[in-house]
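1. below are the sequence and a predicted model for it; my questions follow.
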Amino acid sequence: MSWQILMFISVVTYAFSILLQRILLKEDTSDPKAFSVLFTTITGLFIGMFGFATMDMRLPALGSIIPNFLLMIVLYTMGNFMFSTALKHLEASFVTILFSSKVLFSVFASTIFLHEGLQGKQFIGTFLILLSIVLVNLKSTKISFGKYAWITILAALFFGVQTTNDRYLLQTFSLYPYVTLAFLLPTVLLALTDRHIVKHMQPLLQKNTAWKLILSCAIYALSAITFFAALQIAPNSSQVASMNASSVMLIVILGMIILKERGDMVKKIIGAVLSTIGLLLVV
């Protein structure tokens, strides 16, 4: 299978997973912390099973990377919880546009910690992504960032910085053992912060919602697996990243069609276009 087909599968399944997550989270009985624990655990198990069936899952000696490994757990714990919280209260299209700023945080973190300099086109891409964020938060002639918009940007910050940390840790780890742990371990830490977590999970485990949760996890795991498979066979990673950027526009369009997120439609479409172009320039 070509890397282009793998990336097409990855982008489409990621978009539908986000829409399913939004459907589940917007229910009054859905708790974002409980959802985050269940979603990342089930997804991690799917990826882990694939890894054990097809890959070498041996772990490296942690040694000198323990601080970075612990940082990974903390950043993904906070990032996952905040993303779920944002997706409960905001439209999927709105969250997706704001969350695209994680690429900016990743680039800045790489510049600071890995000493990777910014190129001219990346400055333009950064400006376009920031412009898309301002546009979708523009109310009349005033920029208005609500509480959950800031939570989305904080989630993007945690994921963006962790992307840089991922690159460092993957110099020591094999891919699938690392990805599996990156899903499973943060759920343990997040679950420990709420002694009523099992009670809060119960509405999500009812018959009419459990199948949607499992389906969302399965297609998200498929998105991750096909993304990494494409990354391994593509001529260069920038081609994969460029195709992956199309998920922003796809989620906005599908959100309008499936979830009927049609408020501020013009701003969302323009914001999605600006964000996608910005991502293409930054990666």
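-> Yep, it's here.
2. and stretch 266-279, C-alpha only, in CSV?
-> What follows is stretch 266-279, C-alpha atoms only, in CSV (Å, rounded to 0.1, in the frame of the first residue of the first chain):
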residue,chain,number,x,y,z
VAL,A,266,-17.6,31.9,6.5
LYS,A,267,-15.1,32.7,9.3
LYS,A,268,-14.6,29.0,10.0
ILE,A,269,-13.9,28.2,6.3
ILE,A,270,-11.5,31.1,5.9
GLY,A,271,-9.8,30.2,9.3
ALA,A,272,-9.5,26.6,8.2
VAL,A,273,-7.9,27.6,4.9
LEU,A,274,-5.5,30.0,6.6
SER,A,275,-4.6,27.4,9.2
THR,A,276,-4.0,24.7,6.6
ILE,A,277,-1.8,26.9,4.4
GLY,A,278,0.1,28.0,7.6
LEU,A,279,0.6,24.3,8.6
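3. which residues touch Val252?
-> 93, 96-97, 268-269, 271-272 (Cβ atoms under 8 Å, 6 or more residues apart in numbering). For glycine as for every other residue, the C-beta is placed from the backbone atoms N, C-alpha and C.
4. let me know the average pLDDT across the host helix or strand of it.
-> Assigning secondary structure by DSSP states H and E places Val252 in helix 247-258. The average pLDDT for helix 247-258 rounds to 86.
5. how far does that helix sit from its chain's centre?
-> Its chain's average C-alpha position is 15 Å from that of helix 247-258, according to Cα atoms, centre = their mean, to the nearest Å.
6. output the contacting helices and strands for the helix or strand that comes right after it.
-> Scanning forward in sequence from helix 247-258 by DSSP H and E, the next helix or strand is helix 265-282. For helix 265-282, the packing partners by 3 or more Cβ pairs under 8 Å, 6 or more residues apart in numbering; DSSP states H and E come out as helix 92-99, helix 102-113, helix 120-136, helix 237-244, helix 247-258.
7. and helix 265-282, what's buried?
-> Buried positions in helix 265-282, judged by neighbour count with 16 or more other Cβ atoms under 10 Å: 267-268, 271-272, 274-282.
8. and of these, the nearest to Ile258?
-> Nearest to Ile258, judged by Cβ to Cβ, of the buried residues of helix 265-282 is Lys268 at 14.3 Å.
9. wait, that closest one sits on Phe94?
-> Yes: contact criterion Cβ atoms under 8 Å: Lys268 and Phe94 qualify, at 7.2 Å.
10. which residues do those two both contact?
-> 136, 261.
11. right, so of the helices and strands packed on helix 265-282, which gets closest to Ile73?
-> Nearest of the helices and strands packed on helix 265-282 to Ile73, taken as Cβ to Cβ: helix 102-113 at 17.2 Å.
12. show the subsequent helix or strand relative to the lowest-mean-pLDDT helix or strand in the chain.
-> Within the chain, confidence by mean pLDDT, DSSP states H and E is lowest for strand 142-143 among all helices and strands, at a mean of 56. Going down the chain from strand 142-143, the next helix or strand is helix 147-169, by DSSP H and E.
13. please identify the buried residues of that following helix?
-> For helix 147-169, using 16+ other Cβ under 10 Å, the buried residues are 148-149, 151-166, 169.
14. likewise stretch 207-224?
-> Across stretch 207-224, burial judged by 16+ other Cβ under 10 Å covers 209, 213, 216-217, 219-224.
15. what of stretch 93-105?
-> Residues 93-105 are the ones in stretch 93-105 that count as buried (16+ other Cβ under 10 Å).
16. what do you get for stretch 66-81?
-> Here stretch 66-81 shows 69, 71-73, 75-81 as buried, counting by 16+ other Cβ under 10 Å.
17. I'd say Ile124 and Leu274 touch.
-> No: using Cβ under 8 Å, Ile124 is not in contact with Leu274, being 11.1 Å away.
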